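In: Have a look; sequence and predicted model below, questions after that.
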Amino acid sequence: MRRIALVLAACAAVTVHAQTPWNGRWEGRWEGSLELADGRMPFGLSIVEGGALLDLPGAELFAYPSVLAQASPDAIRLSFAFGAGAMTMIGTLSLGRVDGQFRQGSGDDAPGGTFSMQRAAVQPDPKATFRFAGHDGVALSGSLLVPADGEAGRSKPPLVIMHAGLGAADRDGNNYNMPGRNDSLRLLAEALAARGVATYRYDKRGAGVSSWLVPTEDDQSIEAWIEDLEAASTALSGTGRWSGVWLLGLNDGAIVAAAAANGLSRAGRPVAGIVVACASADGPLDAFMKAVAAAPEIIRAEGDAIIAGLLAGRRVESMSAFYSGAFRPGIQPYLIEAFKRDLEPELSMLSVPALIAQGDMDMQVTLADFVALGTARPDALTVIVPRMNHLLKDVSQDVEENMASFSDPSYPVSAIFADAVAEFVASP
């Protein structure tokens, strides 16, 4: 198992491809184990419309998207790309159980073994799933959690639509590029439900069950995320089930939430308000400009020229090795869009109420960020939450504990923050 875990630790950037459509025999949650020469490694699979998401708890890997998924009524083939080569699983279904073989990489000495799996006892609840049409008509899926009274139709609770941080962060706040999982948004949703607040959190393009909507890095788009959040708000507002619809953006997702709120206001479909949680005042452009300013003096002019080209909407083809990672060709279409978005001006343009919250244990953003965001929107309700870190978790002053909470869902979200959100969205 040590060898497999070591190989998986060096994951390559995932390029996903169109997957084979499933049938009813395959979709759902599966659990099993990989049988290795030196032991057994438990795994989980979520087989969804777009492909399969792999969990390897022993390697602290969760919701890792397949790059290939094919199935017939009785056989399945899955591939997952890792740094040492794709791991391919081929199995046959019989009497509710799948047995097969797996191998990582190619060649006679490639590590591998056998595996078996069967359907998990607990399956996703279809009643808790809400699908909406994104900005281009493609369906996106998420989890709708409604308090008991609202579920029974006895009241109209407020609804908070959550948007995770940028990159591959999914509906629960987890990112397969980071070891372990934190479940911050799932835990916040549960805390708000206990306080009478409904929530909706969905997998944005490039994350979770929507991984296959961003097949390559070139396809990542902050504008698509903004327009999808607008579409989610419109779809859920149209159900008539809520006293009001609110948007919550966590970390970098706050830019998406604020921009979507402004877009909805311009379209005559305003939300009731927004929550900005643990966000930096620096937009993507600010962050890159600061990084270039800190580069060796001899190459700062080159960095400035690259940024100027992207601001003008041009791809930059030639650059030194120093900048080749940060400004790689695949990320440039995203940066061209992202450089036009900044949280402070978006907040200043808002015509709806705003709550700006930051934890005093947040090691990623500073008090200066909090003050700058409050200055951009002087009438916003602002709160510094004691003991809360960057992922909304309640932690002590111990730095190691703070970092441990990023990969451990047992750390609770801040009850003080949940109270503040519930009070904010309950206000008339």
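Out: Received, thanks.
In: For the chain, which segments are assigned as helices?
Out: Counting by DSSP state H, the chain has helices at residues 2-8, 148-151, 184-193, 222-237, 253-266, 284-293, 300-311, 332-338, 343-349, 367-376, 399-404, 415-426.
In: right, so of the ones you listed, which gets closest to residue 123?
Out: Closest to residue 123 of the helices of the chain is helix 184-193 (CB to CB; 16.9 Å). In this view, the C-beta of every residue, glycine as well, is placed from N, C-alpha and C.
In: what comes up buried for the closest one?
Out: Of all the residues in helix 184-193, those buried under the rule 16 or more other CB atoms under 10 Å are 184, 185, 186, 187, 188, 189, 191, 192, 193.
In: before we move on, what about stretch 39-52?
Out: By 16+ other CB under 10 Å, the buried positions in stretch 39-52 come out as 41, 43, 44, 45, 46, 47, 48, 50, 51, 52.
In: Settle this for me: the second one is touching residue 36, isn't it.
Out: No. The pair residue 43 / residue 36 is not scored as a contact, 11.5 Å apart, by CB atoms under 8 Å.
In: in the chain, what spans have low per-residue confidence?
Out: Residue ranges of the chain with pLDDT under 70: 1-24, 107-108, 152-153, 428.
In: Would you map out the domains in it?
Out: Residue ranges for each domain of the chain read 2-119, 126-283+341-426, 285-337, as given by automatic domain parsing.
In: what about the strands in the stretch 1-150 of the chain?
Out: Using DSSP state E, counting those that start in this stretch, the strands of the stretch 1-150 of the chain run over 28-36, 39-47, 52-56, 61-65, 68-72, 75-80, 87-94, 97-104, 112-119, 129-133, 139-145.
In: Present these as CSV; the columns should include distance to residue 350.
Out: Output for the strands of the stretch 1-150 of the chain, formatted as CSV (distance: least, CB to CB, whole Å):
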stretch, distance to residue 350
strand 28-36, 40
strand 39-47, 37
strand 52-56, 35
strand 61-65, 33
strand 68-72, 42
strand 75-80, 42
strand 87-94, 46
strand 97-104, 49
strand 112-119, 46
strand 129-133, 23
strand 139-145, 24
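In: So which of those strands is nearest residue 371?
Out: Minimum separation from residue 371 across the strands of the stretch 1-150 of the chain (CB to CB) falls at strand 139-145, 33.2 Å.
In: for the closest one, packing partners?
Out: Counting contacts by 3 or more CB pairs under 8 Å, 6 or more residues apart in numbering; DSSP states H and E, the secondary-structure elements packed against strand 139-145 are strand 129-133, helix 184-193, strand 198-202, helix 222-237.
In: who's in contact with residue 262?
Out: With contacts defined as CB atoms under 8 Å, 6 or more residues apart in numbering, residue 262 is in contact with 346, 349, 350, 351.
In: top of the residues you listed by neighbour count?
Out: Within the contacts of residue 262, residue 346 tops the neighbour count with 26 neighbours, counted by other CB atoms under 10 Å.
In: which residues does that residue contact?
Out: Under the criterion of CB under 8 Å, 6+ apart, the contact list for residue 346 reads 255, 258, 259, 262.
In: for residue 30, which residues make a bridge with it?
Out: Residues in a beta bridge with residue 30, per DSSP bridges, are residue 45, residue 119.
In: how about stretch 289-303: buried residues?
Out: Neighbour counts over stretch 289-303 (16+ other CB under 10 Å) mark 289, 292, 295, 302, 303 as buried.
In: which two in those are spaced the farthest apart?
Out: Comparing every pair within these by CB to CB identifies 289 and 302 as the most remote, at 13.6 Å.
In: Does residue 337 touch residue 218 like I think?
Out: No. With contact defined as CB under 8 Å, residue 337 does not reach residue 218; the gap is 11.9 Å.
In: Between the two, tell me which one has more neighbours.
Out: It is residue 337, of residue 337 and residue 218, that has more neighbours when counted by other CB under 10 Å, with 18 against 14.
In: who touches the more buried one in this structure?
Out: Counted by CB under 8 Å, 6+ apart, residue 337 has contacts 221, 222, 223.
In: Now residue 94: closest residue in space that isn't a chain neighbour?
Out: Nearest-residue entry for residue 94: residue 74, 7.2 Å, with adjacent residues in sequence omitted and distances by CB to CB, 6 or more residues apart in numbering.
In: who touches the one you found in this structure?
Out: The contact partners of residue 74, by CB under 8 Å, 6+ apart, come to 92, 93, 94.
In: now do residue 285
Out: Contacts for residue 285 (CB under 8 Å, 6+ apart) come out as 307, 311, 338, 339, 342.
In: Equivalent analysis for residue 112, please.
Out: Per CB under 8 Å, 6+ apart, neighbours of residue 112: 101, 102, 103, 104.
In: What's the PyMOL line that selects buried ones from those?
Out: Buried residues within those, by 16+ other CB under 10 Å, are selected in PyMOL with:
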select buried, resi 102+103+104
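In: Which one of the contacts of residue 112 is nearest to residue 117?
Out: When the contacts of residue 112 are compared against residue 117 (criterion: CB to CB), the nearest one is residue 102, at 10.9 Å.
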